[in-house]
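Enquirer: whatever this is, show me its structure:
(one chain, ligands or ions: 1)
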Amino acid sequence: MLRPALSIGLVSATVLLGGVTLAGSASAEPGPAPAQSQAVKYPADSLRALGDRIGLRIGTAVNTDELGSNADYTRITAEQFSTVTPENVMKWQLVEPNRGTYDWAAADRLVAFAKKNKQLVRGHTLVWHSQLPTWLSSDGYTTTLSNDELKALLKKHIQDQVKHFRGDIWQWDVVNEAFDDDGQPRQDIWYKAWGGLGYIADAFRWAHEADPKALLFYNDYNLEFTGPKSNAVYDLVKTLKAQRVPIDGVGFQGHLDTQYGFPDLQNNLQRFADLGLKVAETEVDVRTFTQAPPNENTPTSPLAAYAQESYWSRALQACLAVRECISFTPWGFADTYSWIPGWFDDPQEGAALFYDGNLQPKSQYYVLQQDLALAAGAPHRSGPGAGRH
Ligand code: G3I
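Expert: Numbering: from 1, shown residues only. Here you go, the predicted structure:
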């Protein structure tokens with residue numbers, strides 16, 4: 001039985017666990033490739049080590065500008081997480097800024113870092129309306145290209161990118177955010193080119209052909225709440241499964257906000273899992289109102305921080321309770337690099353992650369640590385979905 005949400009303030013589970021260092025080989029599941037099997041050291045009370053004990057991968061989105069150049073950022077990324085997601089550098093805008101010329105450099109660096117540190121990689125993302133190169137579309141909804149050109153371009157993009165990373169990606173977010181909140185298909189360039197949602201099945205088939213071992217995910221926000229959007233995606237993936245489209249999982253982004261009620265997340269994870277799919281929390285953060293201009297160290301009220309602790313705890317516990325939930329990935333770890341202040345600047349929201357601007361753990365970190373430390377009774381993730389090829 002998982003304990004209810006609690007706030008433990010600054011009581012570190014390090015005290016409980018001793019804080020010794022262990023070899024990566026103690027992990028419940030090995031890393032992706034035998035060639036990288038040298039021991040990797042990370043603290044026994046790190047999030048990744050605690051997740052290892054039940055086969056749950058703990059992840060983070062990675063800002064590759066900081067990786068390698070910022071020593072503390074780099075150390076925390078290696079020590080605390082067993083899976084990484086490129087926050088931006090696998091998006092079409094970044095990998096093919098000029099038509100016909102790929103730039104894989106930043107993404108390749110992240111993959112190499114992950115191999116070195118025995119981490120798995122979530123590839124993000126192949127089909128999206130946002131962050132497209134301007135030669136393709138400036139807004140995701142309009143384009144000067146013909147439908148036939150768009151179809152050929154999307155096929156080539158998926159095939160080239162998935163082949164480039166073949167064998168290195170654990171989970172691909174193949175299609176991202178294809179629905180609006182009212183459950184209607186997003187009227188983006190892909191929907192218009194196909195005259196419907198047919199592009200989704202094509203995308204999964206092309207990705208599977210290019211890397212048959214990668215787990216292929218549909219990824220979206222607000223699936224956490226039962227409602228028109230979650231129901232529409234449920235119907236979509238049920239249909240895809242019935243049509244034998246190679247979809248393996250559904251990613252629940254989990255961008256939470258303390259001003260809204262906590263969603264019925266566990267129920268939604270479970271009902272998608274009951275379709276025979278893996279599920280994952282892929283972009284979790286918990287924003288709240290801040291008391292000063294948003295930056296890396298904006299204070300929040302004690303009440304807001306308490307609510308954030310509760311939301312983090314419940315988000316993690318929802319994943320822990322569902323055996324098919326194979327990874328829990330916050331969208332970064334440090335408020336300094338969070339996308340939130342730049343996006344929700346009026347009114348000011350932020351403080352959505354669990355390390356502060358000095359890269360020190362906040363109370364929310366210790367809540368996650370304690371939940372994982374107490375999770376020994378949660379169902380163990382096993383089999384191919386739990387972190388191996
Ligand atoms: O690449 C340019 C760079 O050349 C320029 O100098 C700089 C100046 O602002 O901007 C850079 O682009 C930024 C890009 O991130 C890469 O850093 C964009 O302005 C910025 O809007 C973009 O934001 C990203 C956002 O997706 C775009 O929609 C965030 O970092 C990223 O966290 C966010 O992630 C998304 C997930 O992919 C999907 N789910 C929602 C999530 C949050 O929005």
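
Enquirer: give me the residues contacting stretch 262-281.
Expert: With contact meaning Cβ atoms under 8 Å, 6 or more residues apart in numbering, stretch 262-281 is reached by 122, 171, 215, 217, 223-226, 230, 234, 237-238, 241, 247-254, 256, 310-311, 314-315, 317-319, 321-329, 385. Any C-beta I mention is one placed from the backbone N, CA and C, and that applies to glycine too.

Enquirer: try it again with 6 Å
Expert: 224-226, 230, 238, 241, 248-252, 254, 311, 314, 318-319, 321-322, 324-328, 385 (Cβ atoms under 6 Å, 6 or more residues apart in numbering).

Enquirer: mind listing what's buried in it?
Expert: Of the residues in stretch 262-281, 262-266, 268-273, 275, 277-281 count as buried by neighbour count, 16 or more other Cβ atoms under 10 Å.

Enquirer: of those residues, which belong to strands?
Expert: In this view, those that belong to strands under DSSP state E are 278-281.

Enquirer: which parts of this protein are strands?
Expert: 21-23, 41-43, 57-62, 83-86, 120-127, 171-176, 215-220, 249-252, 255-257, 278-289, 325-330, 349-350.

Enquirer: JSON lines for these, including mean pLDDT?
Expert: Below are those laid out as JSON lines (pLDDT from 0 to 100):
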{"stretch": "strand 21-23", "mean pLDDT": "34"}
{"stretch": "strand 41-43", "mean pLDDT": "94"}
{"stretch": "strand 57-62", "mean pLDDT": "98"}
{"stretch": "strand 83-86", "mean pLDDT": "98"}
{"stretch": "strand 120-127", "mean pLDDT": "98"}
{"stretch": "strand 171-176", "mean pLDDT": "98"}
{"stretch": "strand 215-220", "mean pLDDT": "98"}
{"stretch": "strand 249-252", "mean pLDDT": "98"}
{"stretch": "strand 255-257", "mean pLDDT": "97"}
{"stretch": "strand 278-289", "mean pLDDT": "97"}
{"stretch": "strand 325-330", "mean pLDDT": "98"}
{"stretch": "strand 349-350", "mean pLDDT": "90"}
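
Enquirer: any chance of these in TSV, with distance to residue 162 too?
Expert: Converted to TSV, the strands of the chain look like this (distance: least, Cβ to Cβ, whole Å):
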stretch	distance to residue 162
strand 21-23	32
strand 41-43	29
strand 57-62	20
strand 83-86	14
strand 120-127	7
strand 171-176	7
strand 215-220	9
strand 249-252	16
strand 255-257	26
strand 278-289	18
strand 325-330	19
strand 349-350	35
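
Enquirer: looking at those, which is closest to residue 209?
Expert: strand 215-220 (11.0 Å; Cβ to Cβ).

Enquirer: pLDDT of the longest helix seen in the chain, averaged?
Expert: Longest helix of the chain, by residue count under DSSP state H: helix 302-321. For helix 302-321, mean pLDDT is 95.

Enquirer: how far away from the center of its chain is that helix?
Expert: Relative to its parent chain, helix 302-321 has a centroid offset of 17 Å by Cα atoms, centre = their mean, to the nearest Å.

Enquirer: that helix packs against which elements?
Expert: helix 265-273, strand 278-289, strand 325-330, helix 363-373 (3 or more Cβ pairs under 6 Å, 6 or more residues apart in numbering; DSSP states H and E).

Enquirer: got the buried residues for stretch 93-101?
Expert: For stretch 93-101, by 16+ other Cβ under 10 Å, it's 94-96.

Enquirer: which one of these sits closest to the ligand?
Expert: residue 94 (6.8 Å; Cβ to the nearest ligand atom).

Enquirer: contacts only, for that closest one.
Expert: By Cβ under 6 Å, 6+ apart, the contact list for residue 94 reads residue 88.

Enquirer: what's the answer for the one 5 residues further on, then?
Expert: For residue 99, the set of contacting residues under the criterion of Cβ under 6 Å, 6+ apart consists of residue 135.

Enquirer: hmm, try it at 10 Å
Expert: Neighbouring residues of residue 99 by Cβ atoms under 10 Å, 6 or more residues apart in numbering: 133, 135-136, 153.
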